[in-house]
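Engineer: Here's my sequence, what's the structure:
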Amino acid sequence: MKRIALSEVKDDLSRYLHVAEQESVVITRHGKPAGILIGFKTDEDWFDYRLEHDPRFLKRIEAARARLRRGRGTKLEDIAWD
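Structural biologist: Below is the predicted model of the structure:
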């Protein structure tokens, strides 16, 4: 993870977007973390990021896990594949 001053990022955003495809870039303001720049190599990476941070999706996953813990639901390994 790189730490870069905001003034540097503003001067060369395109370069830091390329860096962010390889590793997260922490943007600092006055030496303190102020934000993070995350790059995506592919559209699939962007899709995955959106899913991982979508509160509606996360809520549905947690509800499904809770049903499984209560014994209500079907585990993937219990499905018969033809």
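Engineer: For this structure, which segments are assigned as strands?
Structural biologist: 2-5, 25-29, 32-37 (DSSP state E).
Engineer: And the most centrally placed residue in the chain, how close does it get to residue 55?
Structural biologist: The residue lying closest to the centre of the chain (CA atoms, centre = their mean) is residue 49, at 3.7 Å. Between residue 49 and residue 55 the computed distance is 14 Å (CB to CB, to the nearest Å). All C-beta atoms are positioned from the backbone trio N, CA, C, and that covers glycine.
Engineer: Residue 67 now?
Structural biologist: For residue 67, the distance to residue 55 - CB to CB - is 19 Å.
Engineer: which of these two has more neighbours?
Structural biologist: Set side by side, residue 67 and residue 55 show more neighbours around residue 67, with 12 against 7, by other CB atoms under 10 Å.
Engineer: how close does the closest residue to residue 57 other than its chain neighbours get to residue 8?
Structural biologist: Excluding the flanking residues, the one nearest residue 57 by CB to CB, 6 or more residues apart in numbering is residue 51, at 5.4 Å. Residue 51 is 31 Å from residue 8, where distance means CB to CB.
Engineer: Those two: which is more packed in?
Structural biologist: residue 8 (14 against 11).
Engineer: what does the domain assignment say about this protein?
Structural biologist: For the chain, automatic domain parsing gives the domain ranges 2-37, 43-71.
Engineer: of the ones you listed, which approaches residue 77 most closely?
Structural biologist: Nearest to residue 77, of all the domains of the chain, is domain 43-71, at 11.7 Å by CB to CB.
Engineer: what's the span of the closest one from first residue to last?
Structural biologist: When the termini of domain 43-71 are compared using CA to CA, to the nearest Å, they are 37 Å apart.
Engineer: Show me which helix runs longest in this protein.
Structural biologist: Taking DSSP state H as the assignment, the helix of the chain that covers the most residues is helix 55-69.
Engineer: Cool, thanks, talk later.
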